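Novice: Okay, predicted coordinates and the sequence, questions at the end:
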Amino acid sequence: MIETKRRGISTFIATLLLMVLAVSAGVVIYAYTMGYLGNFGGPQTMGAISVDTYSLDVTASASKCDAYIRNIGKAQFELQSIYIDGKAVTGTVPTLVLKEGEVKLLSITEAIKGTAFVGSTTYEIKLIGKDNTQLSFQVKK
């Protein structure tokens, strides 16, 4: 019987190829989890907003709630609607557009709500942006 020599990949080259494959797979997984491969959530990123401070002024003649809203997200925030105690605000919603890192004053008056704010009552105010960014906070005098 004639012997033929079979030659294959040496163990050194095989080990080197497996190490390269493992490292490249690790880089892809890291890039995916850290968000470097693009925006997989869709074309628009939701924003994030917070309340720095608020005040509720209740007097005999008028009442209003002033809140300083801060955009802490990576996208621009544009206010679309306001809810007070689960009821949509009727009338014209104040214009509020916040760029990244910006803080602005939002005033909610009794004319917007339709009824006056009353002292010693807790109100839940919910702000909803055009990109469905939501912020809910409670105010009380």
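Specialist: Everything's here; your move. Fair warning: this is a prediction, and the values are worked out from it, not measured in the lab.
Novice: tell me the domain ranges of this structure?
Specialist: 8-38, 49-140 (automatic domain parsing).
Novice: what does the average pLDDT come to for the first one?
Specialist: Here the mean pLDDT over domain 8-38 is 86, rounded to a whole number.
Novice: so how far is that domain off the chain centroid?
Specialist: In this view, domain 8-38 has its centroid 34 Å away from the chain centroid, taken as C-alpha atoms, centre = their mean, to the nearest Å.
Novice: The longest one too?
Specialist: Taking the mean of its C-alpha atoms, domain 49-140 sits 17 Å from the chain's own mean (C-alpha atoms, centre = their mean).
Novice: Pull up the distance across it, start to finish.
Specialist: 20 Å (C-alpha to C-alpha, to the nearest Å).
Novice: following the helix or strand of the chain with the lowest mean pLDDT, which helix or strand comes up?
Specialist: Lowest on mean pLDDT, DSSP states H and E among the helices and strands of the chain sits helix 110-113, with a mean of 54. Scanning forward in sequence from helix 110-113 by DSSP states H and E, the next helix or strand is strand 122-129.
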